[in-house]
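In: would you be able to build a 3D model of this:
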Amino acid sequence: MEVFEGQCQCGAVHYRVQGSAQTLFACHCTECQRQSASAFGMALWVKDAQVELSGPPLQAWTRTTASGKSLTGRFCPVCGTRLFHQVDVPGAPLSIKPGTLNDTRALRPVAHIWTASKQPWVQLDAAVLQYPGNPPDLARLVQTWHAAQTPDWTN
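Out: Numbers count the residues shown, from 1 in each chain. Sure thing, here's the model as predicted:
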């Protein structure tokens, strides 16, 4: 079990999430561009997440994804910082917005998705998985994440 701690931009909401990190990726879809007010959004998926919050209750907003599922974003009611996303499907991982973590130095995305709508000036590392839309199977993103987290003792 891993622990992830973070906060919103104004500091009104602090969180502590316990669970198992599954993958970290950057999404270049136009919805993530709008939500992040940037060229892409990022998602750190945590399985079996247990969330502890301090501060005011989070606000929520739900939208329909390209696949037809409902996705709920949770954010600080004071500053509006998006903290979490989660598809409204039983057992779905919690998606932490990794820029809100207290320590982001070790985070490296293992994939870029929806690259068909990425900004033309964004340069992607050819060694990182890339998909023009949603990946056909998220298992590869999970496997790649876990391989990157496991030290190679053979060198």
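In: which residues of the protein score low on pLDDT?
Out: 150-155 (pLDDT under 70).
In: change it to 80
Out: 66, 150-155 (pLDDT under 80).
In: run through the strands of it in chain order.
Out: For the chain, strands defined by DSSP state E occupy the ranges 2-7, 14-27, 41-54, 59-64, 70-75, 82-87, 94-96, 111-113, 129-130.
In: among these, which is the most enclosed?
Out: Ranked by mean neighbour count, these are led by strand 94-96 with a mean of 25 (mean count of other Cβ atoms under 10 Å). The C-beta positions use only the backbone N, C-alpha and C, and glycine is treated the same way.
In: on that earlier part again, now the strands of the chain as TSV including distance to Leu138?
Out: Formatted as TSV, those follow (distance: least, Cβ to Cβ, whole Å):
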stretch	distance to Leu138
strand 2-7	19
strand 14-27	7
strand 41-54	8
strand 59-64	19
strand 70-75	15
strand 82-87	11
strand 94-96	12
strand 111-113	9
strand 129-130	11
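In: quick one, what contacts the closest residue to Pro93 other than its chain neighbours?
Out: Nearest non-adjacent residue to Pro93, counting by Cβ to Cβ, 6 or more residues apart in numbering: Trp45, 4.1 Å away. Each residue near Trp45 by Cβ atoms under 8 Å, 6 or more residues apart in numbering is listed here: 21-24, 93-96.
In: distance of Trp45 from Thr72?
Out: Computed with Cβ to Cβ, to the nearest Å, the distance linking Trp45 and Thr72 is 15 Å.
In: what's near enough to touch the residue lying closest to Trp114 once chain neighbours are set aside?
Out: Leaving aside its sequence neighbours, Trp114 sits nearest to Cys29 (Cβ to Cβ, 6+ apart; 3.8 Å). The neighbourhood of Cys29, defined by Cβ under 8 Å, 6+ apart, consists of 41, 66, 113-114, 117.
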